[in-house]
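Kindly generate the corresponding structure for this input.
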Amino acid sequence: MALHTDDFSINTLVGADTFISGDLRISGFIRVDGDIDGNLETTGNIIIGEKARIRGNVTAVSAVIGGIIEGDVVAPESIKLFST
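Next up is the predicted model:
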């Protein structure tokens, strides 16, 4: 697996009490702990926290998923799913 410069620092954080309605395009690493009602696309990696909920498609280089995604996930390098 290739290393990306954004592998080690989070560029964008969607906090636990945050609700976003609409599609997002992010450059770099993102962590989501809140709710997103829309598609999420990033040029880097994504972490979906265990209390996060996304109602839309997710596109990233790799994904770590602990929460709920109601949509398709495209992450060509890797997808890790946690039991939560």
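
just the strands in the chain please.
12-14, 19-21, 24-26, 30-32, 35-37, 40-42, 46-48, 53-54, 58-59, 62-65, 68-69, 73-74, 78-81 (DSSP state E).

These into CSV, with extra columns for mean neighbour count and mean pLDDT?
(C-beta placed from N, C-alpha, C; glycine too.) Below are the strands of the chain laid out as CSV (neighbours: other CB atoms under 10 Å; pLDDT from 0 to 100):
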stretch, mean neighbour count, mean pLDDT
strand 12-14, 17, 93
strand 19-21, 11, 97
strand 24-26, 15, 95
strand 30-32, 24, 96
strand 35-37, 19, 98
strand 40-42, 21, 97
strand 46-48, 25, 96
strand 53-54, 21, 98
strand 58-59, 20, 98
strand 62-65, 20, 97
strand 68-69, 17, 97
strand 73-74, 14, 98
strand 78-81, 12, 96
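
For the residue lying closest to I20 once chain neighbours are set aside, name its beta-bridge partners.
Using CB to CB, 6 or more residues apart in numbering and skipping the chain neighbours, the partner closest in space to I20 is I36 (4.8 Å). Assessed by DSSP bridges, I36 has beta-bridge partners I20, I54.
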